[in-house]
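A.B. asks: Fold the following and give me the result.
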Amino acid sequence: MDFSLTTLFVNPVGSALASADSTQDLTAGQLGVFLPDYTIATAGNIAAEKYFYVAQGRENTYLQGSKRSDRVSGSLNAGVSNVIEWYKVAGSAVASVQITEIDAFDVKAGEDVTVTLRAHSSYIDTLHFNGFTKSVTVPAVCLACGDDPCASIDVDTLIDAIIAKFAQATVGAGGINADNKTFLDLFDFERVGTGVTAKLRIHGKPLTKYGVPCDIAAEPHEYDRMWFRAWAHKGADTTADFLVEDQCNVISNTADIQEAGYATGTSEEIAQLEANFYSYQAGYLKHLYRNAGYNQNFESQVVAGTSYDTYYVKFTDLEASGMNWDSRLSLDSTIIIAVEAGSAEATALEAILFAALGTVTADNTVYTTTTTTTV
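C.D. replies: All right, here's what the predicted structure looks like:
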């Protein structure tokens with residue numbers, strides 16, 4: 001694993017990129033891309049230069065100038081490229097949830113069908129060994145087709161009964177403690193289709209947002225997601241070894257049609273990056289203290305509730321050819337630029353970076369809704 005000296009730039013919301021021809025003219029928080037002669041880089045002139053750099057004005061300029069990156073030479077610049085990789089992560093305030101379908105029930109009328117769900121997340125696994133695991137059991141009902149003996153089950157009725165059973169296993173049923181998690185706290189259920197092709201669709205619910213302590217040194221931002229496993233098996237739920245039981249008497253097909261993911265570029269995430277990389281870019285007073293009065297050099301440009309597109313450029317020193325360099329000792333730098341997602345500033349920045357580094361698309365999918373219509 002290499003070490004990368006990282007400089008984070010967060011463009012203030014609504015602040016246009018710098019148009020003045022010197023880093024000394026940058027106002028507090030103002031972001032700009034500059035050429036070797038300190039003039040402003042644009043999409044039209046950046047490729048003709050050997051390198052560029054990113055700079056941002058500071059609020060506290062005592063004994064320190066503008067915050068700036070090292071020199072970057074992209075694949076489209078006139079110089080030799082020193083870029084190792086560059087990519088974009090699109091801001092998405094909504095995290096995708098897992099969606100799983102169960103179908104093709106292979107069971108006879110009168111046999112018991114048990115559906116088991118096992119949910120996991122950082123907090124769930126703290127509370128429950130092997131995740132939050134619970135089951136419901138219902139009998140398979142004969143299809144009213146007149147066959148004797150019954151040859152087919154009523155799949156619609158079976159799935160509806162399973163959904164109803166999940167809804168019954170809520171607070172108050174069977175003396176469940178009101179503080180305990182139930183199926184409906186974590187999942188939504190619906191039947192999709194009719195007849196033999198009908199499916200039981202299970203949606204994971206978005207996680208409750210964790211509390212954030214008012215302590216800059218606590219690293220409060222948590223990445224978490226809720227994912228689960230689901231399966232149907234023949235017979236009633238038992239206390240058999242769960243590792244064995246998972247493989248026994250499985251009577252259906254189970255398919256994950258959407259995986260659980262994470263929100264990206266949230267204001268909490270970018271604020272955490274500001275704290276994480278603070279010491280790399282402060283001229284002095286590089287440590288963050290719980291007493292905010294000691295953090296006079298710390299500046300935050302993050303606006304709560306804003307989603308940010310982030311641009312990552314990883315590169316070596318421009319004069320790396322004169323260094324003792326091999327694969328065992330990787331020394332490089334990284335620029336992270338966070339800009340309000342979908343803003344005019346993001347569009348302007350992309351045009352400049354694309355002209356020097358080449359076009360990229362976001363590495364992730366942006367979700368606008370966590371699930372589909374449920375029952």
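A.B. asks: Verify the contact between F9 and Y53 for me.
C.D. replies: No - judged on CB atoms under 8 Å, F9 makes no contact with Y53 at a distance of 10.9 Å. All C-beta spots, glycine's among them, are computed from the backbone N, C-alpha and C.
A.B. asks: shared neighbours of these two, anything?
C.D. replies: S69 (CB atoms under 8 Å, 6 or more residues apart in numbering).
A.B. asks: Looking at the two, which is more packed in?
C.D. replies: Using other CB atoms under 10 Å, the more surrounded residue of F9 and Y53 is F9, with 23 against 19.
A.B. asks: how deep is G342 tucked in, by neighbour count?
C.D. replies: If you count neighbours by other CB under 10 Å, G342 ends up with 13.
A.B. asks: any idea of the pLDDT on it?
C.D. replies: We have a pLDDT of 90 for G342.
A.B. asks: Check D237 too.
C.D. replies: In this prediction, D237 carries a pLDDT score of 67.
A.B. asks: How about I124?
C.D. replies: pLDDT, read off for I124, is 87.
A.B. asks: I'd like the distance between it and D188.
C.D. replies: Per CB to CB, to the nearest Å, I124 is found 17 Å from D188.
A.B. asks: Ok, A282 next?
C.D. replies: 47 Å.
A.B. asks: cool, and A16?
C.D. replies: With CB to CB as the criterion, A16 and D188 are 43 Å apart.
A.B. asks: Looking at the two, which has the bigger crowd around it?
C.D. replies: Counted by other CB under 10 Å, A16 and D188 do not tie: D188 has more neighbours, with 21 against 14.
A.B. asks: Low-confidence regions, the stretch 251-375 of the chain specifically.
C.D. replies: Within the stretch 251-375 of the chain, the ranges that satisfy pLDDT under 70 run 320-330, 364-375.
A.B. asks: and the host helix or strand of F189, what does it pack onto?
C.D. replies: For F189, the host element (DSSP states H and E) is strand 187-192. Using 3 or more CB pairs under 8 Å, 6 or more residues apart in numbering; DSSP states H and E as the contact test, the elements touching strand 187-192 are helix 155-168, strand 199-204.
A.B. asks: quick one: average confidence on the first one?
C.D. replies: It stands for helix 155-168. 88.
A.B. asks: what does it contact?
C.D. replies: Residues contacting helix 155-168 (CB under 8 Å, 6+ apart): 105, 113, 115, 136-141, 183-184, 187, 189-191, 194-196, 198-200, 375.
A.B. asks: Which among the residues you listed count as buried?
C.D. replies: Buried subset of the contacts of helix 155-168 (neighbour count, 16 or more other CB atoms under 10 Å): 105, 113, 115, 136, 138, 140-141, 183, 187, 189-191, 198-200.
A.B. asks: rewinding a little: and Y62, which of the helices and strands packed on strand 187-192 is closest to it?
C.D. replies: Closest to Y62 of the helices and strands packed on strand 187-192 is strand 199-204 (CB to CB; 50.4 Å).
A.B. asks: just checking, what packs against the next helix or strand after the closest one?
C.D. replies: Once the chain leaves strand 199-204, the next helix or strand it forms, by DSSP H and E, is strand 227-234. Helices and strands touching strand 227-234, as assessed by 3+ CB pairs under 8 Å, 6+ apart, comprise strand 99-103, strand 112-120, strand 199-204, strand 253-258.
A.B. asks: from the middle of its chain, how far away would strand 227-234 be?
C.D. replies: 25 Å (CA atoms, centre = their mean, to the nearest Å).
A.B. asks: what's that strand in contact with?
C.D. replies: Residues outside strand 227-234 that contact it (CB under 8 Å, 6+ apart) are 98, 100, 102, 105, 107, 111-121, 131, 186-187, 202, 204, 245-246, 248-252, 254, 259-260.
A.B. asks: could I get the helices and strands packed on strand 187-192 as CSV with distance to Q301?
C.D. replies: Shown next, in CSV, are these (distance: least, CB to CB, whole Å):
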stretch, distance to Q301
helix 155-168, 46
strand 199-204, 34
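A.B. asks: thought I257 was touching V97?
C.D. replies: No - here I257 lies out of contact with V97, judged by CB under 8 Å, at a distance of 11.3 Å.
A.B. asks: any idea how far the residue most central in space within the chain is from I336?
C.D. replies: Of all residues in the chain, the one closest to the mean position by CA atoms, centre = their mean is Y262, 2.5 Å from it. Y262 sits 17 Å away from I336, going by CB to CB.
A.B. asks: quick one: G32 and I162, what's the gap?
C.D. replies: Between G32 and I162 the distance is 59 Å, computed by CB to CB.
A.B. asks: So those two - more neighbours on which side?
C.D. replies: Taking neighbours as other CB under 10 Å, G32 and I162 compare with G32 leading, 27 against 23.
A.B. asks: host element of the closest residue to that one other than its chain neighbours?
C.D. replies: Of all residues not flanking G32 in the chain, A18 sits nearest, at 3.0 Å (CB to CB, 6 or more residues apart in numbering). According to DSSP H and E, A18 maps onto no helix or strand at all.
A.B. asks: surely A18 meets Q24?
C.D. replies: No - the pair A18 and Q24 fails to qualify as a contact (CB under 8 Å) at a distance of 11.1 Å.
A.B. asks: pLDDT value on I40, please?
C.D. replies: Predicted confidence (pLDDT) for I40: 93.
A.B. asks: Actually, E190.
C.D. replies: For E190, the model assigns a pLDDT of 93.
A.B. asks: swap in the one 3 residues further on?
C.D. replies: Note for G193: predicted pLDDT of 90.
A.B. asks: can you pull the contacts of the closest residue to it other than its chain neighbours?
C.D. replies: The shortest distance from G193 to any non-neighbouring residue, by CB to CB, 6+ apart, is to K199 (5.8 Å). By CB under 8 Å, 6+ apart, K199 lies in contact with E101, I102, D103, I159, R191, V192, G193.
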